[in-house]
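Q: sequence? don't have it. structure:
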């Protein structure tokens, strides 16, 4: 069966599955051999079954920009992204190195601030941080770890180099979709999972629970872990409920928890109050405790910061961890790694210009037509501009935003990020595999030990030529296979 569209692969991008000679890369060869042996009608039937399963299982995400909050079925492309195990081992080491250094950095900022005093991290960057919480000064959480769950976005440039695009340290999402994608793909390609050495990802909930349980303020017994959600209208509510169920944890909203006069946290149940040891919070700092942050918050728990500060409850990610989740701070991470670990970064940053510095801002303003410009603290692809794809009017408007608030913007070159074969077309007879750009979000856990997922959530831009992979803006997803080629 011939699925490859004409003019594949692209000449200006690295393709994850297809080499420049048009042949599958070694790790992808079993997949393409299998596709060649399957009748088109069989593949189409399996694809339709996957779509039906997504609807039946209620695997959804919420798009806020539509008319109201609309739940949409999770978009899964059935052609996986494949990475050889040997390459992945280096990436995994780089991810663990990065989170280790970032946690040392965060703990330093809230205590001695040696990194500032030694001139490694500029005081003006810290002064302009929207996510630095004075309320957290003087605190050292268990193991000195603030960001227990990190989703690091990776991209590959046209020369094959893998870069870190950004670090997500506040409330990173997407891991449930990684897990569900794998379960669905096992149904679609059971033969390949039996014959190929595809490394598993389904141990993540166990590792997440162990990471959280290590934060319990008392030893012995099974800690009571609660997943704190803003509620059913949050875009990631599916993930909150999924992870709670997979871990055997309790799914709670702020109104379900109370803090007593001894700073213990309790959960309301039909049998009375039950003490909670660890909270995996999925709400932003601003809404966590109305006694400390926003007084009008109805999502948080009055007194929770007091309980955490006094060591009566563990919170992941810790309040204040977002100080390192800043695209301006990102530019200093290579220095941070060198400072705390005395190591060179295993995975490089994308070259960046910071608009808060006059010479770098001038460069950005002169080259808006070639650069990607991002705000420091937005997520989901919002608030940014891709210069080569923008109109002159859009670039002019963005120039004014940069001039008005230079600390809030940074710029990077427009990378020709890698592609992978993606099933496109409107019907069974017109479907073929065409290149679509993608990124990868692995998840890294840290408390008393480090763990990284074997792969992660691959997000793919479903529109031809688009670089925007976010599901909230029309992107899709792929299962990510880390394949031990030497074991096949």
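A: Yep, that arrived. Since we're looking at a predicted model, the values are computed, not measured.
Q: residue boundaries of the helices in this protein?
A: Applying DSSP state H to the chain gives helices spanning 29-37, 40-57, 85-109, 114-117, 123-127, 175-188, 190-195, 204-213, 237-247, 304-309, 333-341, 358-366, 392-404.
Q: now do the buried residues in stretch 152-161.
A: Judged by neighbour count (16 or more other C-beta atoms under 10 Å), stretch 152-161 contains these buried residues: 152, 153, 154, 155, 156, 157, 158. C-betas here are computed from N, CA, C, even on glycine.
Q: what is the least confident helix or strand in the protein?
A: Within the chain, no helix or strand scores below strand 60-63, which has a mean of 58 by mean pLDDT, DSSP states H and E.
Q: how about stretch 226-233: buried residues?
A: Buried residues in stretch 226-233, counted by 16+ other C-beta under 10 Å: 226, 227, 228, 229, 230.
Q: and which of the residues you listed is nearest residue 130?
A: Nearest to residue 130 out of the buried residues of stretch 226-233 is residue 230 (C-beta to C-beta; 19.7 Å).
Q: so what's the residue count around the residue lying closest to residue 158 once chain neighbours are set aside?
A: Closest residue in space to residue 158, ignoring its immediate chain neighbours: residue 416 at 4.3 Å, by C-beta to C-beta, 6 or more residues apart in numbering. Look at residue 416: counted by other C-beta atoms under 10 Å, it has 18 neighbours.
Q: tell me how far residue 416 lies from residue 32.
A: In this view, residue 416 and residue 32 are 24 Å apart by C-beta to C-beta, to the nearest Å.
Q: and if you look at residue 263?
A: The spacing between residue 263 and residue 32, counted by C-beta to C-beta, is 59 Å.
Q: ditto for residue 293
A: According to C-beta to C-beta, residue 293 stands 52 Å off from residue 32.
Q: cool, residue 101 as well?
A: According to C-beta to C-beta, residue 101 and residue 32 sit 39 Å apart.
Q: those two: who's more crowded?
A: The residue with more neighbours, out of residue 101 and residue 32, is residue 101; 22 against 19, by other C-beta under 10 Å.
Q: contact partners for the more buried one?
A: Contacts for residue 101 were tallied using C-beta atoms under 8 Å, 6 or more residues apart in numbering; they are 333, 336, 337, 339, 340, 341.
Q: repeat for residue 326
A: Residues near residue 326 by C-beta under 8 Å, 6+ apart: 129, 130, 131, 376, 377.
Q: and the first one, how many neighbours?
A: Summarising burial for residue 129: neighbours were counted as other C-beta under 10 Å, giving 20.
Q: count the residues that sit near the residue lying closest to it once chain neighbours are set aside.
A: Computed as C-beta to C-beta, 6+ apart, the closest residue to residue 129 that is not its neighbour in sequence is residue 323, at 5.5 Å. Residues lying near residue 323 (other C-beta under 10 Å) number 24.
Q: mind pulling the model confidence for residue 323?
A: Per-residue pLDDT puts residue 323 at 96.
Q: for residue 64, same thing?
A: Looking at residue 64, its pLDDT is 47.
Q: leaving out chain neighbours, which residue sits closest to residue 264?
A: Nearest non-adjacent residue to residue 264, counting by C-beta to C-beta, 6+ apart: residue 312, 5.3 Å away.
Q: sorry, that was for residue 298
A: Closest residue to residue 298 apart from its sequence neighbours, by C-beta to C-beta, 6+ apart: residue 254 at 7.0 Å.
Q: ok, that neighbour touching residue 303?
A: No. Residue 254 is beyond contact range of residue 303, at 11.3 Å (criterion: C-beta atoms under 8 Å).
Q: show me what the residue nearest to the spatial centre of the chain is bridged to.
A: With distances taken as C-alpha atoms, centre = their mean, residue 151 lies nearest the centre of the chain, 3.4 Å away. Beta bridges link residue 151 to residue 168, residue 443 when assigned by DSSP bridges.
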